[in-house]
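1. Would you be able to build a 3D model of this:
(chains A and B)
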Amino acid sequence: MDKNEIKVIFDSCSENESFARMVISAFVARLDPTLEELADIKTAISEAVTNSIIHGYGGGKGDIEMYGRIDDREVVVEVVDFGVGIENIEKAMEPMFTTRPDIDRSGMGFAFMEAFMDELKVESEPGKGTRIVMKKRLGVV
Amino acid sequence: MEMEYQVKGPYLIIQVGRELDHHQAEHIRQVLERIGRERDIRNIIFDFTKTTFMDSSGVGMLISRYRDLSMCGGTVCAAGVCPAVEKLFYVSGLHKIIRVYSEVEDVFNGQK
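-> A predicted model of the protein is given here:
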């Protein structure tokens, strides 16, 4: 089986951050990733899901969709929300930039997604929501 | 879920849970706020011995505690950090402001 795909929809509550990480860990397990590759993917997913919960839905209720795709040794993860969207994506992606310093946000979410994955794409429309697409190619075992 | 912490000399030692994400960071922030109302905290040791995961929410929580305490002459340090969490300390630059010790005891005998 070279290809595989999953779709998960969950509520935007902070308990589901660890749920999303567990799902992705289980999904990529059959590729036998190194501990570091697995940690990188978990961190990136955690950043995207946390962004949807805190910024997309502002702590309120909403659906978060998570898609996982495996093609050979490439892992693609998409995190989609239907929240407020991002006004200025370029600004949002600047390291240390945050709209919520009041609640201890470091402004490093996107920087971590970029650092720990091979590719990162951010699509967003104010009032409609945000779609994060991340890719990582795992080393050959 | 209650968080474990203890006071030892001038230090408050916080036992960080298995995964320090937004959910846990918020929990720690609230507990620290509550303890802060009862006693004067100047120095915090975050014990990461049981922690296998951290993300930028953990980094944000640690930076804020550092900012608060350094303003009143206090310190924040970390101990027992695993390689996955250590990577986050380096990528974020956290290691430059928060000293990392191998274990909690080392804080008291001055070893790195």
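
2. all contacts plus neighbour counts: C-alpha atoms, from now on.
-> OK.

3. Validate this expectation: residue B:12 resides in a helix.
-> No. Under DSSP: H, G, I helix; E, B strand; the rest coil, residue B:12 sits outside any helix and is assigned strand.

4. Any residue of the top helix by length along chain A touching chain B?
-> Ranked by number of residues, the top helix in chain A under DSSP state H is helix A:35-51. Yes. Helix A:35-51 reaches chain B (Cα under 8 Å from any Cα of the partner chain) through A:36, A:39, A:43, A:46, A:47, A:50.

5. Could you single out the nearest of these to residue A:111?
-> Nearest to residue A:111 among the residues of helix A:35-51 next to chain B is residue A:47, at 9.6 Å by Cα to Cα.

6. ok now do the closest residue to the closest one other than its chain neighbours, which residues does it touch?
-> Leaving aside its sequence neighbours, residue A:47 sits nearest to residue A:109 (Cα to Cα, 6 or more residues apart in numbering or on different chains; 5.2 Å). Counting by Cα atoms under 8 Å, 6 or more residues apart in numbering or on different chains, residue A:109 touches A:44, A:47, A:48, A:51, B:56.

7. which stretches of chain A have low pLDDT?
-> Within chain A, the stretches falling below the threshold (pLDDT under 70) are A:1.

8. what does it put close to chain B?
-> Residues of chain A that fall close to chain B, judged by Cα under 8 Å from any Cα: A:14-15, A:17-18, A:36, A:39, A:43, A:46-47, A:50, A:104-109, A:112.

9. Pull out the buried members of the residues you listed.
-> Among the residues of chain A next to chain B, those scoring as buried are A:14, A:17-18, A:39, A:43, A:46-47, A:50, A:104-109, A:112 (criterion: 16 or more other Cα atoms under 10 Å in any protein chain shown).

10. Show me which pair in these is furthest apart.
-> Using Cα to Cα, these reach their maximum pairwise distance at A:39 and A:104, which is 22.7 Å.

11. circling back: quick one: which of the buried ones among the residues of chain A next to chain B is nearest residue B:64?
-> Nearest to residue B:64 among those, with distances taken as Cα to Cα, is residue A:104, at 6.0 Å.

12. Now residue 61: which helix or strand?
-> Assuming you mean chain A. Element membership for residue A:61, per DSSP states H and E: none, as it lies in no helix or strand.

13. try again with chain B
-> For residue B:61, the host element (DSSP H and E) is helix B:56-71.

14. Please work out which residue of chain B is closest to chain A.
-> The minimum distance from chain B to chain A, using Cα to the nearest Cα, falls at residue B:60 (4.1 Å).

15. Run through the residues that contact that residue.
-> So residue B:60 contacts A:104, A:105, A:106, A:107 (Cα under 8 Å, 6+ apart).
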